[in-house]
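In: The sequence and its predicted three-dimensional model are supplied below.
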Amino acid sequence: MGGPDAERPISLQSGGQVATALRRIDGFTVNEHAIDRPDTEALATLLRGDRAEVVYPVLHGSWGEGGALQASLDEIGIPYVGSGADASSLAMDKMATKSTAVDLGIRTPAACVVPPDRTIDLQPPFVLKPVDEGSSVGVRMVTDPAELTSILNELQSSHGRVMAEAFIAGRELTITVLGTETLAPVEIEVSSGFYDYEAKYIRDDTRYTVSPPLPPGIEDRMAADSRALFDALGCRDIARVDWLLEDSPIDGPRAWMLEVNTIPGMTSHSLVPMAAAAGGIDMSELCRRLVDFALTRGAHHPG
């Protein structure tokens, strides 16, 4: 847990929750490591010193969730929970994920990477966000073109590639894919603004509803599309797919895919444990299943 990215504090919370849950299971010995950005040799020394049989990465952000850590673990040859390096890299890239969704016929808001001349072919309101961050880190709403320059200056100075995405007004929902299952949807309702980092982890006025009432067919459609996208990206074990449900006056209810998280949060505020608990899967059982997936699969040995 930990890592070098902006979401390090949340990763430490998630990792602590996972370790506590796994320690409740008879026969498991759990070692916690708060890492930064170790190279493959340093990571191998750490894990071999533990005589680790499986690694449970609970890192959020571009290094720990975006394929670099997974590539090191593949090289070391110890099985680990979650998606492999290629799928992790693809899912972390929001534009690549959206392109895959489009290929599958899954509706997703129009978006583009902000070009050097900063010409954006979208009318306000639209959303600016880093291409490869999670937890709504760096997400900004643009309602007035006069705001664009200052917001881009801030984001591009710290995040590299930035994308603009059409704003869709609607209900915020998420679907968890766990192994071969899809769990119940969770709806997120914020008291003001949108579901940003503060609403996720700091404020206590965000409301969550598991299995909210939805228009006919919407839950099945989101579940099927989440599974299709999970498979097309090459994900494994677990991922959370985020959605917006628009109530269009012309077309009726329409679900829009936003992004895929291959290492979703596991804190007390997190959505995956909520969805699992509603299905009778407590935190220890959830984490045990994920460890079992990795152990059953075994190590990947390059070459």
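Out: Happy to help now that I have it.

In: First-to-last residue distance for stretch 62-69?
Out: Start to finish, the residues bounding stretch 62-69 are 10 Å apart (Cα to Cα, to the nearest Å).

In: With stretch 142-152 instead?
Out: By Cα to Cα, one end of stretch 142-152 lies 10 Å from the other end.

In: Quick check: which ranges of this protein have low pLDDT?
Out: Judged by pLDDT under 70, the chain has its weakly predicted residues at 134-136, 192-204, 300-303.

In: Tell me where it has helices.
Out: Counting by DSSP state H, one finds helices in the chain at the ranges 8-23, 40-50, 62-65, 68-76, 85-92, 94-103, 148-159, 197-201, 218-233, 271-278, 283-297.

In: Please name every helix or strand in contact with the first one.
Out: Judged by 3 or more Cβ pairs under 8 Å, 6 or more residues apart in numbering; DSSP states H and E, helix 8-23 is in contact with helix 283-297. No exception for glycine: its C-beta is placed from N, CA and C like everyone else's.

In: list the buried ones in the helix it packs on?
Out: The neighbour-count check on helix 283-297 (16 or more other Cβ atoms under 10 Å) flags M283, S284, L286, C287, R288, R289, L290, V291, F293, A294 as buried.

In: now the first one, nearest residue through space, not along the chain?
Out: Okay, so that is M283. Distances taken as Cβ to Cβ, 6 or more residues apart in numbering put A21 closest to M283, at 4.2 Å, once the chain neighbours are dropped.

In: and D103, how many neighbours?
Out: Look at D103: counted by other Cβ atoms under 10 Å, it has 10 neighbours.

In: Pull the contacting residues for the nearest residue to E246 once chain neighbours are set aside.
Out: In space, E246 comes closest to G170 once its chain neighbours are excluded; the distance is 4.0 Å by Cβ to Cβ, 6+ apart. Neighbour list for G170: L244, L245, E246, D247, W256 [criterion: Cβ atoms under 8 Å, 6 or more residues apart in numbering].

In: Same list, the residues you listed, but as TSV with distance to T100 and neighbour count please.
Out: Conversion of those to TSV gives the following (distance: Cβ to Cβ, whole Å; neighbours: other Cβ atoms under 10 Å):
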residue	distance to T100	neighbour count
L244	18	19
L245	21	20
E246	21	18
D247	26	12
W256	15	18
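
In: Max pairwise distance over the residues you listed: which two?
Out: The most widely separated members of the contacts of G170 are D247 and W256, with 11.8 Å between them, by Cβ to Cβ.

In: E133 contacts G61, correct?
Out: Yes: using Cβ atoms under 8 Å, E133 is in contact with G61, at 6.6 Å.

In: got any residues that touch both of these two?
Out: Listed as contacting both E133 and G61 by Cβ under 8 Å, 6+ apart are D5, A6, E7.

In: Give the bridge partners for the residue nearest the centre of the chain, please.
Out: With distances taken as Cα atoms, centre = their mean, N261 lies nearest the centre of the chain, 1.8 Å away. Beta-bridge partners of N261, counted by DSSP bridges, are R240.

In: Contact partners for it?
Out: With contacts defined as Cβ under 8 Å, 6+ apart, the neighbours of N261 are E65, A91, G134, A239, R240, V241, D242.

In: my guess is H60 contacts G265, does it?
Out: Yes: contact status for H60 versus G265: in contact at 6.8 Å, counting by Cβ under 8 Å.
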